[in-house]
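K.L.:
Build me a model:
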Amino acid sequence: MELLREHEDTVQKNHEGIVEEPVGSMDPEYYMEMVVFKIEDVLFRVPAHLFKSCTNFFDPFFEELNNMPEDQRVIKRDDVDKEDFRALLKLLYPMYASKRFLHTLMLIYRFRSFALSPTLLDDEWISVLRVSTTWLMLDIRHIAIEHLTSAPLSLVDRIVLARECNIISWLRSAYLALVEVDSELSRHDSVVTEMIGLESSFKLHRVRESVLPSRQRNSRIIDREIEKEFKAEFEALSDKTAVERAVLAQKYGVSEWRKNAFIAMACREQILSVDEAQTLGLETAIRLCGARELRYTLGLESAVKQELGWDFGALKSYTAVERVVMAREYGVRNWVQGGLSELAEREESLSIPEARDLGLRTAIALCRMRHYSSQLSPGEAAYGQALELEFGEELEQVEAAGRELLPR
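P.N.:
Below you'll find the predicted structure:
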């Protein structure tokens, strides 16, 4: 080892050429013990004292080194990368990081300036934060958090770091910033989805739309947005006439589809043709004609229910989510579009299980429509309460882990 060879080189010779061991006591501050770290494929040889004073994490490793041959005394770590470790060393040993070491000393002497704090880039401070969190260097972690709190990090970067390093204040404030300003979440939508995951992205959209009362949603806006958002999917599906949908609904046994097909036929301008009546069955066709007459006095849905409730009531009822999933399987655009519109206009927000069944991208699109179709703008308090409900478990976990990492 270099350490051993360098120490042997310090051995003094007297005038007779006889080798003698160095005489003298070790200075308590400046006779430094060195330690070698192997990070990835790179060796780092640095004074050990800061690693002993900043954290207890390495105590077992230093004890183990004492029982090893000197040429094997290396601490190997694979839980950090070399660039992150190099940034930490730049913080711990700032003057050594400067190529103008002597010039720095002269400036200190001439101007009596003891500002030796290193100039780290934000990316280097992020590296310091990661390593200090991993190795429980709590004071250094605190310094990194203090610096990065005011650094110009993107909201999604701050969320990712807050999760990785258990910083509750960052996580809560970044979530809130994304949902309380309309432009923020939309502008970062694809980045949010990529970096924090579809499910968390869906939760953020659900927070934003869940505080808006459904009575304020504009159904025309929703219909227009559904057409635009799902255009590619709709183009791959087939349109069916109301009569075709009624027949297929009976075949698949779905009450809501059968009922909606009857409503569509009862409110259209043209009466049933002979062929359509034969396809539906004469009794059903006669009942539909009765519903068309009663719609002006009872209302459309009530008239259909009175005349044909016995028919579609005998079939199984499915939720809107189940119907969208089945409609996609059967390839009927009208059913897919109707189910999506129903979900976008209903009072309660989509649940996470429902979002998984629909597909999280579809669920996010629906949440976005529910938000933009509302005429209200909730305040920060409403969003804050919704965030606590939606992300409460995650926030509690991060806060609890972060408490363990506070400086003692």
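K.L.:
Quickly find the element holding residue 45.
P.N.:
strand 42-47 (DSSP states H and E).
K.L.:
Mind giving me the packing neighbours of the helix or strand that comes right after that strand?
P.N.:
Sequence-wise, the next helix or strand downstream of strand 42-47 (DSSP H and E) is helix 49-54. Where contact means 3 or more C-beta pairs under 8 Å, 6 or more residues apart in numbering; DSSP states H and E, helix 49-54 is not packed against any helix or strand. Backbone N, C-alpha and C define where each C-beta goes, glycine included.
K.L.:
Quick one: residues in contact with helix 49-54.
P.N.:
32-33, 35, 58-59, 62, 92-93, 137, 139-140 (C-beta atoms under 8 Å, 6 or more residues apart in numbering).
K.L.:
Of those, which is the most crowded?
P.N.:
residue 137 (27 neighbours; other C-beta atoms under 10 Å).
K.L.:
pLDDT below threshold where in the stretch 301-408 of the chain?
P.N.:
For the stretch 301-408 of the chain, the stretches with pLDDT under 70 are 372-391, 394-395, 407-408.
K.L.:
and residue 298, what does it touch?
P.N.:
residue 306.
K.L.:
What's the mean pLDDT across the helix or strand that contains residue 220?
P.N.:
If you go by DSSP H and E, residue 220 is part of helix 219-229. The pLDDT scores in helix 219-229 average 71.
K.L.:
Pick out the residue nearest the middle of this protein.
P.N.:
Nearest to the mean C-alpha position of the chain, by C-alpha atoms, centre = their mean, lies residue 196 at 2.2 Å.
K.L.:
quick one: contacts for that one?
P.N.:
Counted by C-beta under 8 Å, 6+ apart, residue 196 has contacts 156, 159-160, 163.
K.L.:
all helices for the stretch 101-250 of the chain, in order.
P.N.:
101-111, 122-134, 138-149, 155-165, 168-180, 182-187, 189-196, 198-210, 219-229, 231-235, 242-252 (DSSP state H, counting those that start in this stretch).
K.L.:
Could you look over those helices and pick the most buried one?
P.N.:
Highest mean neighbour count of these: helix 198-210, a mean of 24 (counted as mean count of other C-beta atoms under 10 Å).
K.L.:
for that helix, packing partners?
P.N.:
Looks like helix 198-210 contacts helix 168-180, helix 182-187, helix 189-196, helix 352-358, helix 360-372, helix 380-403 (3+ C-beta pairs under 8 Å, 6+ apart).
K.L.:
Repeat the analysis, applying 6 Å as the threshold.
P.N.:
If you count contacts as 3 or more C-beta pairs under 6 Å, 6 or more residues apart in numbering; DSSP states H and E, helix 198-210 packs onto helix 168-180, helix 360-372, helix 380-403.
K.L.:
Could you quantify the relative orientation of the second one and helix 168-180 as an angle?
P.N.:
Pointing back at helix 360-372 there. 70 degrees (axes from the mean of the first three to the mean of the last three C-alpha atoms, to 10 degrees).
K.L.:
Taking helix 198-210 as reference, get the angle to helix 360-372.
P.N.:
Using the same axes, to 10 degrees, helix 360-372 lies at 20 degrees relative to helix 198-210.
K.L.:
Dump the C-alpha coordinates for helix 360-372 into CSV.
P.N.:
Presented in CSV, the C-alpha positions along helix 360-372 are these (Å, rounded to 0.1, in the frame of the first residue of the first chain):
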residue,chain,number,x,y,z
LEU,A,360,-53.9,5.1,-15.8
ARG,A,361,-53.4,7.2,-18.9
THR,A,362,-57.1,7.1,-19.6
ALA,A,363,-57.8,8.0,-15.9
ILE,A,364,-55.4,10.9,-16.0
ALA,A,365,-57.1,12.2,-19.1
LEU,A,366,-60.6,12.0,-17.4
CYS,A,367,-59.3,13.8,-14.3
ARG,A,368,-57.9,16.6,-16.5
MET,A,369,-61.3,16.9,-18.3
ARG,A,370,-63.2,17.0,-15.0
HIS,A,371,-60.9,19.8,-13.8
TYR,A,372,-61.1,22.0,-16.9
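K.L.:
So which bits of it are buried?
P.N.:
Residues of helix 360-372 classed as buried by neighbour count (16 or more other C-beta atoms under 10 Å): 360, 362-372.
K.L.:
Show me which pair in the residues you listed is furthest apart.
P.N.:
Spanning the widest gap among the buried residues of helix 360-372 are 360 and 372, at 18.7 Å by C-beta to C-beta.
K.L.:
State the distance from residue 135 to residue 42.
P.N.:
In this view, residue 135 and residue 42 are 17 Å apart by C-beta to C-beta, to the nearest Å.
K.L.:
what's near enough to touch residue 308?
P.N.:
262, 287 (C-beta atoms under 6 Å, 6 or more residues apart in numbering).
K.L.:
so how far is residue 284 from it?
P.N.:
Taking C-beta to C-beta, one finds residue 308 at 7 Å from residue 284.
K.L.:
Then residue 340?
P.N.:
28 Å.
K.L.:
now residue 124
P.N.:
75 Å.
K.L.:
Please apply the same query to residue 248.
P.N.:
14 Å.
K.L.:
cool, and residue 129?
P.N.:
With the distance defined as C-beta to C-beta, residue 129 ends up 69 Å from residue 284.
K.L.:
Who does residue 45 form a beta bridge with?
P.N.:
residue 36 (DSSP bridges).
K.L.:
Tell me the confidence at it?
P.N.:
Taking residue 45 on its own, its pLDDT is 85.
K.L.:
Quick one: neighbours of it, just the number.
P.N.:
For residue 45, using other C-beta under 10 Å, the count is 12.
K.L.:
Quickly note the distance from it to residue 129.
P.N.:
Distance from residue 45 to residue 129, by C-beta to C-beta: 24 Å.
K.L.:
Excluding sequence neighbours, find me the nearest residue to residue 124.
P.N.:
In space, and not counting its chain neighbours, residue 124 is closest to residue 87: 3.9 Å by C-beta to C-beta, 6 or more residues apart in numbering.
K.L.:
gap between the strand or helix carrying residue 322 and the chain center?
P.N.:
Using DSSP H and E, residue 322 maps to helix 320-330. Distance, stretch centre to chain centre, for helix 320-330: 28 Å (C-alpha atoms, centre = their mean, to the nearest Å).
K.L.:
Next SSE downstream of it?
P.N.:
Past helix 320-330, the next helix or strand by DSSP H and E is helix 333-345.
K.L.:
Could you list every helix and strand in contact with that following helix?
P.N.:
Against helix 333-345 (3+ C-beta pairs under 6 Å, 6+ apart) you get helix 219-229, helix 320-330, helix 360-372.
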